[in-house]
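Colleague: Structure for the following, please:
(chains A and B)
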Amino acid sequence: GAVVSQHPSRVICKSGTSVKIECRSLDFQATTMFWYRQFPKQSLMLMATSNEGSKATYEQGVEKDKFLINHASLTLSTLTVTSAHPEDSSFYICSARVTSGGPTDTQYFGPGTRLTVL
Amino acid sequence: AQSVTQLDSHVSVSEGTPVLLRCNYSSSYSPSLFWYVQHPNKGLQLLLKYTSAATLVKGINGFEAEFKKSETSFHLTKPSAHMSDAAEYFCVVSGGGGATNKLIFGTGTLLAVQP
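Modeller: Numbers count the residues shown, from 1 in each chain, chains lettered A, B, ... in the order given. Modelled structure (predicted):
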């Protein structure tokens, strides 16, 4: 149980275009999903926290107009990288939290999406 | 503020020998601590978590970790390494002070297992 999927797994796009990444919890409902970014050989950095039915909360330094997050249902959150540039190339990973609240909840991670902007 | 420090960026062991991956944490509150593993081009998989119950936590694939408050440590161990254990391991701290369950990741330890 507790499987999280991401689509696509890899995407290559031209500079200036927008890319949408989907994150789905397959066998559980998640009121909260998280989006992370991982640069090569570095750790994961939280970009934003996505709550179903409300606006996402972005971490300091993350442009909300560039990284649009929509959490339309209890099983789906999307991240759209708008007007992508080569410096946006990275590994984007989502996670979903089982909805029981509290700091001990476990986050289940998706397999990640490798974005390459040419 | 909460943080974790993984003391070794790379660890290399021989197959069949013990594994020790070190992690120290800093937290103003009672922390929840996790170890995640990431195989190449794969998502993160939860190995184990500490949530203020037993200080010795057993996880999957033979891994375990011991929470030592006096040393602010949460080192990951395994008695006998297997080739399939080669991966990146992240120590993670969460929660406390009304935080929204944000996970703070360490910088990772790359484990190599030699035949």
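Colleague: Hmm, residue B:8 and residue B:107 touching each other?
Modeller: No: in this structure, residue B:107 is not within contact of residue B:8 by CB atoms under 8 Å, at 10.0 Å. (Each C-beta comes from the backbone N, C-alpha and C, glycine too.)
Colleague: Strands along chain B, start to end?
Modeller: Secondary structure of chain B (DSSP state E): strands located at B:3-6, B:10-14, B:19-21, B:23-26, B:32-38, B:44-50, B:56-58, B:64-68, B:73-78, B:87-94, B:103-105, B:109-114.
Colleague: Please compute how far the longest one lies from its chain's middle.
Modeller: The one in question is strand B:87-94. Put simply, strand B:87-94 sits 5 Å off its chain's centre (CA atoms, centre = their mean, to the nearest Å).
Colleague: Can you name every helix or strand that that strand contacts?
Modeller: Judged by 3 or more CB pairs under 8 Å, 6 or more residues apart in numbering or on different chains; DSSP states H and E, the packing partners of strand B:87-94 are strand B:3-6, strand B:23-26, strand B:32-38, strand B:73-78, strand B:103-105, strand B:109-114.
Colleague: Quick one, which of the ones you listed gets closest to residue A:107.
Modeller: Closest to residue A:107 of the helices and strands packed on strand B:87-94, according to CB to CB: strand B:103-105, at 6.2 Å.
Colleague: How about residues contacting that closest one?
Modeller: Strand B:103-105 is contacted from outside by A:34, A:43-46, A:95, A:107, B:2-4, B:34, B:90-94, using CB atoms under 8 Å, 6 or more residues apart in numbering or on different chains.
Colleague: quick one, what contacts the closest residue to residue B:78 other than its chain neighbours?
Modeller: In space, and not counting its chain neighbours, residue B:78 is closest to residue B:19: 4.2 Å by CB to CB, 6 or more residues apart in numbering or on different chains. The neighbourhood of residue B:19, defined by CB under 8 Å, 6+ apart, consists of B:11, B:13, B:63, B:76-78, B:81, B:85, B:111.
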